[in-house]
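In: Dropping the sequence and predicted coords here.
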Amino acid sequence: MRWIVLKKHIDYDGSQISSLWGYMAADLQEDSIIAFRGSCDVQIRHMIDLEDRKEGDSIYSTDMLHFVIEHFDSTDLKLIYARQRLFTAMVAETLLQRGIKTSRVGDDLFVQGKKLSISIASTSAVSQKIHFGMNVEHAVYGCLSDQGVPEQDMFSLMEEISSRYVEEIHDIEKDLRKSRPLGVM
C-alpha cells in the first residue's frame, strides 16, 4: 500500500470515490490512500449513502482535507466499513496527539459537539473505497482552524494521517504472515 499527498487543490464532488480514480489521478495501481485539499460539493447523483439521497441532503464545505482510500484485496462491504472505522479512529488519535479532543460516533468525528468530518465507504467489482473529509474552515460545523491547527500544518497533517494508515495496514499484513491457522501444528 502506498500513500501520496497531492499539492494541487482538488474539489471533491463524489466522483473521486469511483474505482481506479487513484490510477487516473496519480498513476497508483495498488492499494492506496490519496490525500488532497479542496472544497466539497457532492450532488445527489454521486451520493452513495441512500439515506442522505432520500432526504435530499446537501454535502458541502468550502475547504476540507480529503482522503480517498482504495483496497484491491476484497470487495467485502463489511470489511471496508471496518477499515473506515479504523481510519476514523486513527484520525481521532492523530488529532488528540495534537491536542484536539474529538468524539467518534460510527464513522464521524465531532469536536465540541459539532460534526468535524464526513465519510462514506463502498465497493465495486474490483475494489473497496473510502472517502473521509475534514473541515478546514466552516461557519456551522466543526473545523480544524477553530481548533487552532495553523494553515502551514495542513499538509503535514495529511501526510501524518496517510502514513499512519499505511503503516497500520502493513503491520496487519505482517501479522497475517506470522500467525499459524488454528488446528495446524
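Out: Arrived safely, thanks for sending.
In: Tell me how far the residue nearest to Lys115 when sequence neighbours are not counted lies from Glu167.
Out: Counting by Cβ to Cβ, 6 or more residues apart in numbering, the nearest residue to Lys115 once its immediate chain neighbours are dropped is Tyr141, at 5.0 Å. (C-beta placed from N, C-alpha, C; glycine too.) Tyr141 is 29 Å from Glu167, where distance means Cβ to Cβ, to the nearest Å.
In: do Lys174 as well
Out: When Lys174 is compared with Glu167 (using Cβ to Cβ), they lie 10 Å apart.
In: Same check on Asn135?
Out: 25 Å.
In: If you count surrounding residues, which of those two has more?
Out: Higher neighbour count among Asn135 and Glu167: Asn135, with 25 against 13, using other Cβ atoms under 10 Å.
In: Just the buried positions in stretch 97-110, please.
Out: Of the residues in stretch 97-110, Ile100, Thr102, Asp107, Leu109, Phe110 count as buried by neighbour count, 16 or more other Cβ atoms under 10 Å.
In: whoops, stretch 117-130 was the one
Out: Within stretch 117-130, judged by 16+ other Cβ under 10 Å, the buried ones are Ser117, Ile118, Ser119, Ile120, Ala121, Ser122, Thr123, Ser127, Gln128, Lys129, Ile130.
In: neighbouring contacts of that stretch?
Out: Residues outside stretch 117-130 that contact it (Cβ atoms under 8 Å, 6 or more residues apart in numbering) are 17-20, 40, 48-49, 59, 61, 64, 67-72, 74-77, 79-81, 83-84, 87-88, 91, 107-109, 131-135.
In: repeat for stretch 142-162
Out: 3-5, 7, 33, 35-37, 65, 67, 90-91, 94-95, 98-100, 109-112, 114-116, 134-137.
In: which of those residues count as buried?
Out: Taking 16+ other Cβ under 10 Å as the criterion, what is buried in these is 3-5, 33, 35-37, 65, 67, 90-91, 94-95, 100, 109-111, 116, 134-136.
In: Alright, that wraps it up for me.
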